[in-house]
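Visitor: following is a predicted model, sequence given first.
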Amino acid sequence: MMTIEEINAFFESPEGKESLEKFAEKLRREQEHRDRWVDRMWNRIKDDIDGSIERLDNWYSSDKYRDREYRRGYEARESLFWVLLGVAEKYGSEVGDEYELYANPFTGEMFKIGSYIIQVMYGQGSVIRIDKQK
């Protein structure tokens, strides 16, 4: 196990600085990738936000989708919900007075887009929750 002094010495060395630069570049590429997906989804749903969110939510909630995922050995994946959260963050608005109606102790971020509230909840795993505004 390395001591704090050894870790600091590593990061001050040319090898450590190069390692940090590579890590920063990796993070930058990942962010660019997420941004492209967010913009791509926005361009597909912006003309019918509510209908698109409803179709996506219905698909991920369907027995057909869940059964297919379980047969493949996966917990049902909901990757596009995470992209939708990015869309809501970038193109939607923050939730104001309605926050208390939808929030719970695990709520991290919450955004409004169309007539939906999109929130991420953090716990032993992170999940996206989508609610139609009341």
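Guide: Everything's here; your move.
Visitor: now the helices for this protein?
Guide: Along the chain, counting by DSSP state H, helices occupy 4-12, 14-45, 49-61, 63-71, 79-91, 99-102.
Visitor: mind listing what residue 114 touches?
Guide: The contact partners of residue 114, taken as Cβ atoms under 8 Å, 6 or more residues apart in numbering, are 49, 50, 53, 92. Glycine gets a C-beta too; all of them are placed from N, C-alpha and C.
Visitor: neighbour-wise, which of those leads?
Guide: Counting neighbours by other Cβ atoms under 10 Å, residue 53 leads the contacts of residue 114 with 22 neighbours.
Visitor: quick check: that one touching residue 133?
Guide: No. If you go by Cβ atoms under 8 Å, residue 53 and residue 133 don't touch, sitting 11.4 Å apart.
Visitor: residues shared between the contacts of the two?
Guide: Common neighbours of residue 53 and residue 133 (Cβ under 8 Å, 6+ apart) are residue 116.
Visitor: ok, the most centrally placed residue in the chain - contacts?
Guide: Against the mean C-alpha coordinate of the chain, by Cα atoms, centre = their mean, the closest residue is residue 82 at 3.1 Å. Counting by Cβ under 8 Å, 6+ apart, residue 82 makes contact with residue 128.
Visitor: distance to residue 126 and mean pLDDT added to the helices of the chain, as CSV?
Guide: Below are the helices of the chain laid out as CSV (distance: least, Cβ to Cβ, whole Å; pLDDT from 0 to 100):
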stretch, distance to residue 126, mean pLDDT
helix 4-12, 29, 92
helix 14-45, 15, 96
helix 49-61, 15, 96
helix 63-71, 18, 95
helix 79-91, 9, 96
helix 99-102, 17, 92
